[in-house]
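[1] Fold the following.
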Amino acid sequence: MLRSFDRRLPGLLRGLTVSFSVLYILLFVLVAHRRLHYPFEIDRMESGMLTSVWRLRHGYPLYSAPSLEWAPFLYAPLFFYLSAACTRIAGIGYAALRLVSVLATLGSFGLIFALVWTETRRWAAALFAVGLFACLYPFVNAWYDVGRVDSLSLFFFLAALLATRRAHPALAAVVWLLAFLTKQTFLPFGIAVFLVEWRRPSRMLTGMITFGVLAAGAVFLLNRATHGWFSYFAFGTTGVIKWSFHTAVMFPFADVLSPLPIACALILAAALCTGVRWRERDGSYLAVVTVLVTAAMWYVRAHVGANLNAVIPLYAWLAILAGISVHRLLAAFPRDLTNTATPDLQRTAALTAGVWLLASLQLAAHLYRPAEIETGNLAARQKFLAALRATPGDVWVVDHSYDGILAGKPLHADMDALDAVLGRHYAPAMAQFQQVAGGGQLTAVVLDHGAADYQPEGIFTNPPFGQIYRLRVKAPGANSPGELDQPIDVLLPCTAGTEVAGSLLDTHTGYVDRSACPSK
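    Prediction:
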């Protein structure tokens, strides 16, 4: 007979896998709660996101003609409107946006569990899938609770996958519409995903046509309400984003295999060894969604400026596939390991234990301490905000528009949104930028990184801007440790008074660069 320990080993390793999964879920809740009320950005673009919500709450349109005062991000509107609604409960602040993301992520955990459970009826495999996605929280730069569109769009994406698999195609099309209205990346999915029903043409066409009509109607109504600016930003400005050949080539290695080598091995083993019938509905569903998600996430990630948040839907899908793969591998083994001493059952026990061991090792590879997930240096940001308030005149905080609002300064666009407009050479915005820069109307301009690094190339270094704003000082708090995205440099006219330069100077370093200014 098998020794008692040999019989218990698969169960012990399964328990270890489940324990890791529960731990990662609890770690996320703990860290997200700690970061929820941090009063400044934990990601640079959160500032522009909150400015967008602030505009909605004050009756301004989300999409309008771009200018130096305002340029919307190239995202669909649903996240902003849900966040604006949340501010009526939580108040206007970053907590409202992060609360939407936290709730969406917890909902995504539930949907990942449901997607695996409905395929396997094996709760441990479903919980492993949730833990696998949750453990990637630090790897993706802690994006799950950031006040941006990604977590909400993932929730609707997973809900749409579940509806496509289990509900009427017309209902699935409605959920795909919600995913599209959160992030337009999912527009092609709403059509192509119904190819999973290729053996039942009526269901396939029902889903495709329903979504096509709904999406076209939504775009028409949004363009009508915004005088065409929705399509300009949601579809037009993306054309100026350049390709990154290196990222495109390294995508399968750096973004997929690097964080999930064992999970990918489990998926491959299940696909090769358990007889998946790709031509049947179950196999078609897995194959079509895998191809679509991988291709779409690769396409987005291969553009300059795309970060790991672009790959999060693929990570969620790989977690689902890994959970299903664990089930398929285990289902190939006999389950009763207690009443036999045959070599075959000994081998089966070893294989079962091996599957759970591999699952545990994949989860253990991403262990982290909650303290590793940073918020920011609160003292440094408060120091900068106080200096900004004390600075007379109009200051453009290029990457932190909401700081300008908090300091009582005139509203200015975030460069993360304006760069696409200027890169597309929208004439009125270009003319206004030239006029303001050339006229020296700005008291100061605050940058998060070197002036030469901003796009479009030369925007802060070439004339007329580069001719006037030549004096460079270190921003207050620029050298503070623990700050993620922080103001670094302040550009001033060489004629700036000492009261301006002094208020925006990091008194710790006292750094002032006058090399570009004419000598007196």
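[2] spatially speaking, which residue is in the middle of the chain?
    Nearest to the mean C-alpha position of the chain, counting by C-alpha atoms, centre = their mean, stands N309 at 3.3 Å.
[3] Let me know whether that one touches R148 as I believe.
    Yes - assessed by C-beta atoms under 8 Å, N309 is found in contact with R148 at 7.3 Å. Heads up, the C-betas are built off the backbone N, CA and C, glycines and all.
[4] so where do the helices sit in the stretch 351-500 of the chain?
    Remark: helices assigned in the stretch 351-500 of the chain by DSSP state H, counting those that start in this stretch are 378-390, 401-406, 415-423, 427-439, 465-468, 498-503.
[5] To G11, which of those helices lies closest?
    G11 lies closest to helix 378-390 among those, at 46.3 Å (C-beta to C-beta).
[6] for V311, what are its contacts?
    Neighbouring residues of V311 by C-beta atoms under 8 Å, 6 or more residues apart in numbering: 140, 255-256, 297, 301.
[7] Now render those residues as JSON lines, adding pLDDT.
    JSON lines is the format used below for these (pLDDT from 0 to 100):
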{"residue": "V140", "pLDDT": "95"}
{"residue": "D255", "pLDDT": "94"}
{"residue": "V256", "pLDDT": "94"}
{"residue": "M297", "pLDDT": "91"}
{"residue": "R301", "pLDDT": "88"}
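[8] Just name the closest of those residues to I488, please.
    Nearest to I488 among the contacts of V311: V140, at 24.5 Å, using C-beta to C-beta.
[9] what about the closest one, is that helix, strand or coil?
    Put simply, V140 is coil when judged by DSSP: H, G, I helix; E, B strand; the rest coil.
[10] Now for it: which residues touch it?
    Going by C-beta under 8 Å, 6+ apart, V140 touches 308-309, 311-312, 315.
[11] The residues you listed in strands, which ones?
    Nothing among the contacts of V140 maps onto strands, per DSSP state E.
[12] Among those, which one lies nearest to L13?
    Y315 (23.6 Å).
[13] Hmm, that closest one is touching L136, no?
    Yes - between Y315 and L136 a contact is recorded at 5.4 Å, counting by C-beta under 8 Å.
[14] what is in contact with those two at once?
    Residues touching both Y315 and L136 (C-beta under 8 Å, 6+ apart) are 259-260.
[15] So, low pLDDT: which residues of the stretch 1-150 of the chain?
    Applying pLDDT under 70 to the stretch 1-150 of the chain picks out residues 1-6.
[16] At which residues are the helices of it located?
    Remark: helices assigned in the stretch 1-150 of the chain by DSSP H, counting those that start in this stretch are 4-36, 45-57, 78-90, 94-120, 123-134, 150-166.
[17] Check those for me and report the most buried one.
    Per-stretch averages of neighbours, counted by mean count of other C-beta atoms under 10 Å, single out helix 123-134 among the helices of the stretch 1-150 of the chain, with a mean of 26.
[18] That one to helix 94-120, inter-axis angle?
    Angular relation of helix 123-134 and helix 94-120 on a 0 to 180 degree scale: 150 degrees, by axes from the mean of the first three to the mean of the last three C-alpha atoms, to 10 degrees.
[19] Tell me what angle helix 123-134 forms with helix 4-36.
    Orientation check (the same axes, to 10 degrees): helix 123-134 against helix 4-36 gives 40 degrees.
[20] Greatest separation within the contacts of V140: which pair is it?
    Taking C-beta to C-beta, no two of the contacts of V140 sit farther apart than N309 and Y315, at 10.3 Å.
[21] Below-threshold pLDDT in the stretch 151-300 of the chain: ranges please.
    Those would be 237-241, if you go by pLDDT under 70 across the stretch 151-300 of the chain.
[22] repeat that for 90
    Where the stretch 151-300 of the chain drops to pLDDT under 90, the residues are 185, 198-199, 233-249, 272-284, 299-300.
[23] quick one, what contacts H366?
    Applying C-beta under 8 Å, 6+ apart, the residues contacting H366 are 24, 135-136, 138-139, 259.
[24] List just the nearest of those to Y94.
    Distances from Y94 to those, taken by C-beta to C-beta, are shortest for P138, at 20.0 Å.
[25] what's the closest non-adjacent residue to the closest one?
    Using C-beta to C-beta, 6 or more residues apart in numbering and skipping residues adjacent in sequence, the residue nearest P138 is Y368, 4.8 Å away.
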